[in-house]
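1. predicted model and sequence follow; I will ask about them next.
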Amino acid sequence: MASLLDMRRRIKSVKNTQQITKAMKMVAAAKLKRAQDRVTASRPFAGKMSAVLGDLSGRIAGEFSHPLLDARSDEKYLVVLISADKGLAGAFNANVIKATQAFLKEHEAKSTVMVPVGRKGRDFFKRRQVEFLDEYVGLTGSGQVNHADAVEIANKLIKTFTEDETIDKVFVVFTEFKTVLSQKAVIEQLLPIPRTAVDDEAAAGPQAEYIYEQPAPEIFGRLLPKQVETQIYRGMLESVASEQGSRMTAMDSASKNAAELIDTLTLNMNRIRQAAITKEIIEVVSGAAAA
């Protein structure tokens, strides 16, 4: 049985850990508020841009060709995995890595290369001998996302996709923020940018009319790279918000578990102390009786 001193040391150690988890929860909550505001602000623009460009590219299919729109064969994939640089975020990293593994297994017949954004995803797949085209770490460790970093990643992907004709599709894997308690790992095709198919029924109904102030090649030449930048930026924002939400939830659970453990250890310590007192009383009474 542990001694009274050992129990006191264990209680003190758990209390110190509880202070750390409470502090991490408060920091994550502060970062979550900022990240959530940025995600909420970015979603309408990203969604509308995807819808408009998808609609336009679908209408001019066969009339206009662009490297970021033209479909290729289905042999080699490039996967951009957005994970966290730090742990202690519950199942956040495990879920996005598991979704990536499922995607790779589903398309195991394809040749695949990866661009990890985040240390946790990089370290996991590096141990599994996955080929990396490039890697980015330390971009989201502070809980914020710089648009310049998303532009750098997007430009590198566009350059690789346009110059390397062996890469047929580019996918991005990130965690979409739902609520503090709910995040979902999603996989979206980044390149070639999907065209929205226009069926006969939709074509017969009312349609939005677009006025081109510049020729279509010039407009798409500017907007399509912006679309890639926007989707990468949105994915990073969603991932950071999900990470902070998951970390806040995990640290809250850890603090509650520490409190329960402290109660249990305190109860055991009191029992040990009571047993020691009882033993001393019995020894005094026995000595007095023997005298």
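-> It's in.
2. how distant is whichever strand or helix holds Leu265 from the center of its chain?
-> Assignment of secondary structure by DSSP states H and E places Leu265 within helix 216-290. Between the centre of helix 216-290 and the centre of its chain there are 19 Å (C-alpha atoms, centre = their mean, to the nearest Å).
3. from the contact counts, what lies against it?
-> Here helix 216-290 touches helix 4-59, strand 76-82, helix 92-106, helix 147-163, strand 169-179, strand 182-191, going by 3 or more C-beta pairs under 8 Å, 6 or more residues apart in numbering; DSSP states H and E. No exception for glycine: its C-beta is placed from N, CA and C like everyone else's.
4. so of these, which one's packed in deepest?
-> Stretch with highest mean neighbour count among the helices and strands packed on helix 216-290: strand 76-82 (a mean of 24; mean count of other C-beta atoms under 10 Å).
5. from the contact counts, what lies against that strand?
-> Strand 76-82 packs on helix 92-106, strand 111-117, helix 119-126, helix 147-163, strand 169-179, helix 216-290, going by 3+ C-beta pairs under 8 Å, 6+ apart.
6. could you export those to TSV, including columns for mean pLDDT?
-> Rendered in TSV, the data for those read as follows (pLDDT from 0 to 100):
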stretch	mean pLDDT
helix 92-106	93
strand 111-117	93
helix 119-126	92
helix 147-163	91
strand 169-179	92
helix 216-290	88
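7. helix or strand for Trp213, which one?
-> Quick fix: residue 213 reads Glu, not Trp. Under the assignment here (DSSP H and E), Glu213 is part of no helix and no strand.
8. any idea how far Gly90 is from Tyr136?
-> Per C-beta to C-beta, to the nearest Å, Gly90 is found 23 Å from Tyr136.
9. ok, back up a step: as a markdown table, the helices and strands packed on helix 216-290 with distance to Met269 would be great.
-> Shown next, in a markdown table, are the helices and strands packed on helix 216-290 (distance: least, C-beta to C-beta, whole Å):
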| stretch | distance to Met269 |
| --- | --- |
| helix 4-59 | 4 |
| strand 76-82 | 46 |
| helix 92-106 | 36 |
| helix 147-163 | 51 |
| strand 169-179 | 40 |
| strand 182-191 | 39 |
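10. Lys226 is nearest to which of the ones you listed?
-> helix 4-59 (7.5 Å; C-beta to C-beta).
11. where are the low-confidence patches of the stretch 1-150 of the chain?
-> 1-2, 58-64 (pLDDT under 70).
12. one more time with 50
-> Within the stretch 1-150 of the chain, no range satisfies pLDDT under 50.
13. closest one to Asp263 among the helices and strands packed on helix 216-290?
-> Here helix 4-59 is closest among the helices and strands packed on helix 216-290 (C-beta to C-beta), at 9.9 Å.
14. between helix 216-290 and the closest one, find me the angle.
-> Angle, helix 4-59 to helix 216-290, by axes from the mean of the first three to the mean of the last three C-alpha atoms, to 10 degrees: 170 degrees.
15. which helices and strands does helix 4-59 pack with?
-> Packed next to helix 4-59, using 3+ C-beta pairs under 8 Å, 6+ apart, are strand 169-179, helix 216-290.
16. switch to 7 Å and redo it
-> Judged by 3 or more C-beta pairs under 7 Å, 6 or more residues apart in numbering; DSSP states H and E, the packing partners of helix 4-59 are helix 216-290.
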